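# What follows is a protein structure lacking sequence information:
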Ligand code: IFM
């Protein structure tokens, strides 16, 4: 890989970021640093070695749903470039690598027969990480439900809950001795709302009632999967990953404040309340009316099965106005290539609020990053905007720690440019640039900055370790 630091530009960036993060910033002992990806976005090999189709394979075939008309057939070809990618990950000095397993690669129909070749791929990935001293953080569902299950009603069908528990148990049996962390679902709000209410993501359904039934089944399957994996003897920390944002009212008018409360109910409390309090927020049940999900006795207690950690994916804040007139540009802040406002202080605000309202368990920022239109120049990518973005958000995490939030780690989204769902390959979130014509990987300046930042963090850790041993006497 080309890892030579882009000299003056990188050091300018480091100096400017040093303003944000005190180089001696003290993160708690054991705080984990990592990078994250997901199976469908990077693996490719969509029909290789017995993999079955997922709902995203099927969705990409619909005309007009993916901005550039692309699909995940090749993506970053990670399936075939595993060894090189493992070396790439290791070159940044991360503690952890967060990835997802493609359910239809290991169990092509989502139930019944397992696919040994698919399982063997994840054996190689997990063992390759361990050999390099990197902890594998596995996510079971990063949106790519087997298409065969969709044909039976998908997440709207309660039977899928039980299929997911079987899948989770099978994965725990196979990999439970080696993975350091197990996440059930990534961003259930996205699966529910974007997949089933607005229909802009797979499977492309447009019904609020379907969306809410889906969210119920996702949370239920999460709780039952934790119980099922523990019953298999799995002892690694287990949790879920939510996409959360603070929601600010555009003005102090009662109508805007009410809308902000409603939006917060739909994005944050609809998930956090069942998981941590064992009930749905009453105001939201009222607001959803007849669209509220069908539940069965015992569901709420199962959803609140105790978790070892919570993962939070944070990208931006959200502004609520009663007439939906607010435009992101009105905040006066810079926007990323996704049109998302850069708002790092929202991360501290969110973490403090969640800890206050729910008394958080060990909490990870399981995704944080930004898309910018960066292109290589003479073999380098000078993505200083991304360095600023990452540094300011890491500073926001540090601030939350100082105010008492039990933060356990931070993961950059993403290791490499990849298939950004309905945006196709047009949006680049990676700290490693991918040339999709040649599959060449080029670490961007942000990757080199992150590597250097982690080197300093580790040096600090080592310096402190003997001190704390001494202090213990
Ligand atoms: O790329 C996605 C990821 O799959 C889930 N969280 C948000 C990212 C950026 O949109």
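Cool, got the structure. On a predicted model such as this, the values are computed, not experimentally measured, just so you know. Residues are numbered from 1 along each chain as shown.

# For the residue nearest to the spatial centre of the chain, report the pLDDT, please.
Nearest to the geometric centre of the chain sits residue 367, at 4.6 Å (Cα atoms, centre = their mean). Residue 367 is assigned 99 on the pLDDT scale.

# gap between it and residue 69?
In this view, residue 367 and residue 69 are 26 Å apart by Cβ to Cβ, to the nearest Å. Where C-beta positions appear, they are placed from N, C-alpha and C, glycine not excepted.

# With residue 26 instead?
Distance of residue 26 to residue 69, computed by Cβ to Cβ: 48 Å.

# the more surrounded of those two?
Taking other Cβ atoms under 10 Å, residue 26 and residue 69 do not tie; residue 26 has more neighbours (14 against 10).

# separation between that one and residue 123?
37 Å.

# I'd like the next helix or strand past the worst-scoring helix or strand of the chain on mean pLDDT.
None of the helices or strands of the chain scores lower by mean pLDDT, DSSP states H and E than helix 7-18, at a mean of 46. The helix or strand immediately downstream of helix 7-18 is strand 32-36, counting by DSSP states H and E.

# which residues touch the next helix-or-strand element following that following strand?
On the C-terminal side of strand 32-36, the closest following helix or strand by DSSP H and E is helix 39-42. Applying Cβ atoms under 8 Å, 6 or more residues apart in numbering, the external contacts of helix 39-42 come out as 54, 56, 72, 75-76, 78, 99-102, 105, 142-144, 414-416, 418-421.

# So which of those would count as near the ligand as well?
With Cβ under 6 Å from any ligand atom as the criterion, those include residue 420 near the ligand.

# tell me what whichever helix or strand residue 87 is part of is packed against?
Using DSSP H and E, the element containing residue 87 is helix 82-91. Where contact means 3 or more Cβ pairs under 8 Å, 6 or more residues apart in numbering; DSSP states H and E, helix 82-91 is packed against helix 116-131, strand 440-443.

# Give me the buried stretch members for it, please.
By neighbour count on 16 or more other Cβ atoms under 10 Å, the buried set for helix 82-91 is 85-86, 88-91.

# which bits of the stretch 351-473 of the chain sit near the ligand?
So far as Cβ under 6 Å from any ligand atom goes, the stretch 351-473 of the chain lies against the ligand at 367, 413, 420, 429.

# now those: which count as buried?
367, 413, 420, 429.

# tell me the pLDDT at the nearest residue to residue 351 once chain neighbours are set aside?
Computed as Cβ to Cβ, 6 or more residues apart in numbering, the closest residue to residue 351 that is not its neighbour in sequence is residue 400, at 3.9 Å. Listed pLDDT for residue 400 reads 97.

# Burial check on residue 400, number of neighbours?
Counted with other Cβ under 10 Å, residue 400 comes out at 23.

# Equivalent analysis for residue 157, please.
16.

# For the ligand, see how far away the residue lying closest to residue 304 once chain neighbours are set aside is.
Of all residues not flanking residue 304 in the chain, residue 278 sits nearest, at 3.8 Å (Cβ to Cβ, 6+ apart). Distance from residue 278 to the ligand, counting by Cβ to the nearest ligand atom, to the nearest Å: 27 Å.

# confidence score at residue 278?
Per the predicted model, pLDDT is 98 at residue 278.

# number of nearby residues for it?
When neighbours are counted by other Cβ under 10 Å, residue 278 registers 15.

# wait, what's in contact with it?
Residue 278 makes contact with 300-301, 303-304, according to Cβ under 8 Å, 6+ apart.

# Repeat the analysis, applying 7 Å as the threshold.
300-301, 304 (Cβ atoms under 7 Å, 6 or more residues apart in numbering).

# Which PyMOL command selects the buried ones in these?
Here is the PyMOL command that selects only those of those that count as buried (16+ other Cβ under 10 Å):
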select buried, resi 300+304
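
# Reformat the contacts of residue 278 into a markdown table and put secondary structure next to each item.
Converted to a markdown table, those look like this (DSSP: H, G, I helix; E, B strand; the rest coil):
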| residue | secondary structure |
| --- | --- |
| 300 | helix |
| 301 | helix |
| 304 | coil |
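
# quick one: which of the contacts of residue 278 is nearest residue 128?
residue 304 (36.0 Å; Cβ to Cβ).

# Can you report phi and psi for that closest one?
When read as degrees, to the nearest 10, the backbone of residue 304 gives phi -90, psi 20.

# Then residue 422?
The phi/psi pair for residue 422 (degrees, to the nearest 10) is phi -60, psi -10.

# pLDDT wise, what is it at?
98.

# Can you verify my assumption that it contacts residue 67?
Yes - in this structure, residue 422 is within contact of residue 67 by Cβ atoms under 7 Å, at 6.4 Å.

# Report the separation between residue 427 and residue 117.
For residue 427 relative to residue 117 (Cβ to Cβ), the value is 31 Å.

# Those two: who's more crowded?
Legend: neighbour count by other Cβ under 10 Å for residue 427 and residue 117, higher for residue 427 (22 against 12).

# just to revisit the earlier point, would you list the helices and strands packed on helix 82-91 in CSV and tack on mean pLDDT?
Listed next are the helices and strands packed on helix 82-91 as CSV, based on pLDDT from 0 to 100:
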stretch, mean pLDDT
helix 116-131, 99
strand 440-443, 98
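
# Most tightly packed of these?
Among these, strand 440-443 has the highest mean neighbour count (mean count of other Cβ atoms under 10 Å), at a mean of 20.

# that older thread, and of the contacts of residue 278, the nearest to the ligand?
Nearest to the ligand out of the contacts of residue 278 is residue 304 (Cβ to the nearest ligand atom; 24.3 Å).

# Could you list the low-pLDDT ranges of the protein?
Where the chain drops to pLDDT under 70, the residues are 1-24, 466-473.

# Recalculate using a threshold of 80.
Within the chain, the segments meeting pLDDT under 80 span 1-25, 327-329, 331, 464-473.

# which parts of it sit against the ligand?
Residues of the chain lying near the ligand (Cβ under 6 Å from any ligand atom): 38, 41, 187, 313, 367, 413, 420, 429.

# now those residues as JSON lines including secondary structure?
Shown next, in JSON lines, are those (three-state DSSP):
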{"residue": "38", "secondary structure": "coil"}
{"residue": "41", "secondary structure": "helix"}
{"residue": "187", "secondary structure": "coil"}
{"residue": "313", "secondary structure": "strand"}
{"residue": "367", "secondary structure": "strand"}
{"residue": "413", "secondary structure": "strand"}
{"residue": "420", "secondary structure": "coil"}
{"residue": "429", "secondary structure": "coil"}
